[in-house]
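Q: Model the structure of this input:
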Amino acid sequence: MKVKVRFFARFRELLGTDIILEPPAGTTFTTLVLEVTRKNREGHDAIFDETGAFREFVILMRNGKRVESADAGSLGVADGDEIAVFPPVAGG
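A: Residues are numbered from 1 along each chain as shown. Predicted coordinates:
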């Protein structure tokens, strides 16, 4: 199974982009993102709070559809999925 994880804006600066992983069966959305950020403390802390939950402002998507952070821990990933992680969007 191959899954692509993409980070955008500040998260991209910290963690890179277009990371391809081959997670084991049963891997959840949250576990996948935790694995990618595990080796980069600053990137991890930008996305996750001290309890290991996604920060409220983080925008999560799977295959172009929004994923609520409360659902990410039970949402499995599948072969070919594209996971996107965005910081908050602001404009003026």
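
Q: show me where this structure has helices.
A: Taking DSSP state H as the criterion, the chain carries its helices at 10-15, 29-37, 41-47, 69-72.

Q: To residue 55, which of those lies closest?
A: helix 41-47 (6.3 Å; C-beta to C-beta). Where C-beta positions appear, they are placed from N, C-alpha and C, glycine not excepted.

Q: looking at the helices of the chain, which is buried most?
A: helix 29-37 (a mean of 20; mean count of other C-beta atoms under 10 Å).

Q: Run the chain-centre distance for that one.
A: Distance of helix 29-37 from its chain centroid, counting by C-alpha atoms, centre = their mean, to the nearest Å, is 6 Å.

Q: again, but for stretch 75-92
A: 6 Å.

Q: List the buried residues in that stretch.
A: Using 16 or more other C-beta atoms under 10 Å as the test for burial, stretch 75-92 gives 77, 81, 83-87.

Q: And those residues, which is closest to residue 54?
A: residue 85 (8.7 Å).

Q: The closest one contacts residue 57, correct?
A: No. Contact status for residue 85 versus residue 57: not in contact, 11.4 Å apart, counting by C-beta atoms under 8 Å.

Q: Closest to the centroid, which residue in the chain?
A: residue 33 (4.1 Å; C-alpha atoms, centre = their mean).

Q: What pLDDT is listed against the closest residue to that residue other than its chain neighbours?
A: Nearest non-adjacent residue to residue 33, counting by C-beta to C-beta, 6 or more residues apart in numbering: residue 85, 6.3 Å away. pLDDT recorded at residue 85 is 98.

Q: beta partners for residue 48?
A: residue 54 (DSSP bridges).

Q: count of residues packed around it?
A: By other C-beta atoms under 10 Å, 17 other residues sit near residue 48.

Q: likewise the one 3 residues further on?
A: A total of 5 residues lie near residue 51 under the criterion other C-beta under 10 Å.

Q: and what of residue 40?
A: Residue 40 has 14 nearby residues by other C-beta under 10 Å.

Q: With that, I have no additional questions.
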